[in-house]
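Chemist: Next come a sequence and a model predicted from it.
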Amino acid sequence: MASQLLFVPHFALFPKVSSFNPSFFFSTQKPTFFHSTSSATTRRVLQSSSNYRFTNLQAVADACSEVESNDATETTALTLRNICQGFVPEHILQRMDEIGFVTPTDIQREALPILFTGRDCILHAQTGSGKTLTYLLLIFSLINQRSSVQAVIVVPTRELGMQVTKVARMLAAKSTDIEAKGCTVMALLDGGMLRRQRSWLKAEPPAIVVATVASLCHMLEKHIFRLDSVKVLVVDEVDFLFYSSKQVGSVRKLLTSFSSCDKRQTVFASASIPQHKHFVHDCIQQKWTKRDVVHIHVSAIMPMPLCLLHKFVVCGKSNKHQVLLALLESDAPESAIIFVGEQSEKSKKAGNDPSTTLVIELLKTSYDGSLEILLLEEDMNFNSRAASLTEIRQGGGFLLVSTDIAARGIDLPETTHIFNFDLPQTATDYLHRAGRAGRKPFSDRKCIVTNLITSEERFVLQRFENELMFSCEELML
Ligand SMILES: Nc1ncnc2c1ncn2[C@@H]1O[C@H](COP(=O)(O)OP(=O)(O)OP(=O)(O)O)[C@@H](O)[C@H]1O
């Protein structure tokens, strides 16, 4: 497949939103790979990667840095409002100002002008970089007062669905504007009250539906609503859904159904899209996206946020609990998530307690600090899971003990520390767990990720370091 590769240092290449002319860049019907880094790293990437097609690297690098310095002043001044003006209704822009979303993050600055042209996009940017607001602003630019479902956001977990629904409602809320009244947001999530949701969908369809795959497919199969009226389909944490054996079949079916709709726009988002060129290729082959889909890859050579400092402590399995207590005392986190591995089937059959229970018991009996101790794991019922997150969001410091269920998408910006009590299975899992900290886009604050490992696991951690391009400092307690 022939593909076009554009290497652009910053969206500052488009000096003013009003003068932005998409055809300048997107004149072909081919996928566009849109990478962004600072000019210092631009040279490194260009020189080290054989994938890039420029023949004169120096010329490209010079051009990049020239554009960057010329446009630096204008980039600084560019606000989210500037980018969205004329596309997103005024009442949403006002809410954005009130909430404090003023300066665009890199993904917002780079993706929104492309999204507003109607192109399908793959939003590939670090954890905590503001992908949710990016696709929500696109949605708000498209929906009108028609009584039909016009946007669907697919998420992998109920918890992430509740969070996205909250942000969407927060942006659409409190408006006296008539336009805003048409915008209702429905959470169609596993564990929800299907009968009530069915009546709501039939009687007064919401403009936006945030759904887990199973619940959405159930409603579609029962013809409670159809995809015909949907203008935009967002699949958040897309790589997770594609790797989930339980969900991948339904996701593919959904994308195939949506591909036959007219005037559709499809958006995928994640901080990790392994083998993204294959993914783009598949999307086009399967017609899940249009041929001219744009892969927007922000910080391509730096998969994890720089504000995260990574450490490890080597300890024996038997003294891990004591090491965790010592770390909590020495680091004194404001709020932390302690990630624990899921219990194996063998351990379940043997009647052992899961590690989560053991860690919670340890904290309840031996932790002297003032942080609230909470648990989140798959085996809890939906109400208890919701209660844990609600309690956290009410404020105050917390120590959340969790399995990987909290690793994807969950936004708890007060988290300053991550402890991998058990190492994750893959580098991608590491990236998402670590990314639950460092979620304040314009903050200078450093957050800490500490791994408790046995000496045999040092090799695994080193593999993650190589794959994700970070380095981990050893801590001696
Ligand atoms: N322009 C902005 N200005 C200030 N804060 C922002 C802005 N955009 C997003 N945020 C905040 O940044 C945090 C992270 O955003 P979000 O949850 O969308 O990240 P994400 O890119 O989806 O991360 P992940 O890949 O982990 O899901 C949120 O608390 C959000 O409110």
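Modeler: Now that the structure is in, tell me what you want to look at.

Chemist: pLDDT below threshold where in the protein?
Modeler: The chain contains residues with pLDDT under 70 at 1-30, 32-76, 174-182.

Chemist: most remote residue from it's center?
Modeler: A350 (36.8 Å; Cα atoms, centre = their mean).

Chemist: For stretch 103-118, list every residue counted as buried.
Modeler: 104-118 (16 or more other Cβ atoms under 10 Å). C-betas here are computed from N, CA, C, even on glycine.

Chemist: From the residues you listed, pick out the ones that also neighbour the ligand.
Modeler: For the ligand, the contacts drawn from those by Cβ under 6 Å from any ligand atom are 104-105, 108.

Chemist: so what's the residue of the stretch 201-350 of the chain found nearest the ligand up against?
Modeler: With Cβ to the nearest ligand atom, the shortest gap between the stretch 201-350 of the chain and the ligand falls at A271, namely 3.9 Å. By Cβ atoms under 8 Å, 6 or more residues apart in numbering, the residues touching A271 are 124-127, 129, 131, 303, 431-432, 435.

Chemist: okay if I get these as TSV plus secondary structure, neighbour count and distance to the ligand?
Modeler: As requested, those are exported to TSV (DSSP: H, G, I helix; E, B strand; the rest coil; neighbours: other Cβ atoms under 10 Å; distance: Cβ to the nearest ligand atom, whole Å):
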residue	secondary structure	neighbour count	distance to the ligand
H124	strand	29	10
A125	coil	25	6
Q126	coil	24	7
T127	coil	25	3
S129	coil	22	4
K131	helix	27	4
P303	coil	21	11
L431	helix	23	9
H432	helix	24	7
G435	coil	28	5
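
Chemist: now, which of those residues sits nearest P333?
Modeler: Minimum distance to P333 across these is 16.2 Å, recorded for G435 (Cβ to Cβ).

Chemist: Now the closest one: closest residue in space, sequence neighbours ignored.
Modeler: Spatially, and ignoring its direct neighbours in sequence, G435 is nearest to T127 (2.4 Å; Cβ to Cβ, 6 or more residues apart in numbering).

Chemist: Contact partners for the one you found?
Modeler: T127 neighbours (Cβ under 8 Å, 6+ apart): 271, 304-305, 431-432, 434-436, 438-439.

Chemist: Tell me the secondary structure of R252, please.
Modeler: Secondary structure for R252, judged by DSSP: H, G, I helix; E, B strand; the rest coil, is helix.

Chemist: measure it to L227 for me?
Modeler: For R252, the distance to L227 equals 14 Å [Cβ to Cβ, to the nearest Å].

Chemist: again with L308
Modeler: With distances taken as Cβ to Cβ, L308 is found 39 Å from L227.

Chemist: ok, these two, which is more surrounded?
Modeler: L308 (20 against 17; other Cβ atoms under 10 Å).

Chemist: The more buried one: what's it in contact with?
Modeler: 434-435, 437-438, 446-449, 470 are the contacts of L308 under Cβ under 8 Å, 6+ apart.

Chemist: Which ones among those lie within helices?
Modeler: Judged by DSSP state H, the subset of these located in helices is A434.

Chemist: Only whichever of the contacts of L308 are buried, select them in ChimeraX.
Modeler: Selection of buried members from the contacts of L308 for ChimeraX, criterion 16+ other Cβ under 10 Å:
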select :434,435,437,438,447,448,449,470
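
Chemist: In stretch 81-95, which residues are buried?
Modeler: 81, 83-84, 87-89, 91-95.

Chemist: Briefly note if stretch 232-240 comes near the ligand.
Modeler: No - no part of stretch 232-240 sits near the ligand under the criterion Cβ under 6 Å from any ligand atom; the closest distance found is 6.9 Å.

Chemist: Centre of the chain to that stretch, how far?
Modeler: 9 Å (Cα atoms, centre = their mean, to the nearest Å).

Chemist: Check stretch 192-208 too.
Modeler: Using Cα atoms, centre = their mean, the offset of stretch 192-208 from its chain centre is 26 Å.

Chemist: which residues sit against that stretch?
Modeler: For stretch 192-208, using Cβ under 8 Å, 6+ apart, the contacting residues are 139, 143, 147-153, 158, 168, 182-186, 188, 209, 215, 218-219, 222, 224-225, 229.

Chemist: and what of stretch 470-477?
Modeler: Stretch 470-477 is contacted from outside by 304, 308-314, 323, 326-327, 330, 450-451, 461, 465, using Cβ under 8 Å, 6+ apart.

Chemist: Show me what the helix or strand containing Y430 is in contact with.
Modeler: Y430 belongs to helix 427-434 when assigned by DSSP states H and E. With Cβ under 8 Å, 6+ apart as the test, helix 427-434 has contacts from 127, 239, 271-272, 274, 303-304, 308, 310, 337, 339, 404, 407-408, 418, 420, 423-424, 449, 463-464, 467-468.
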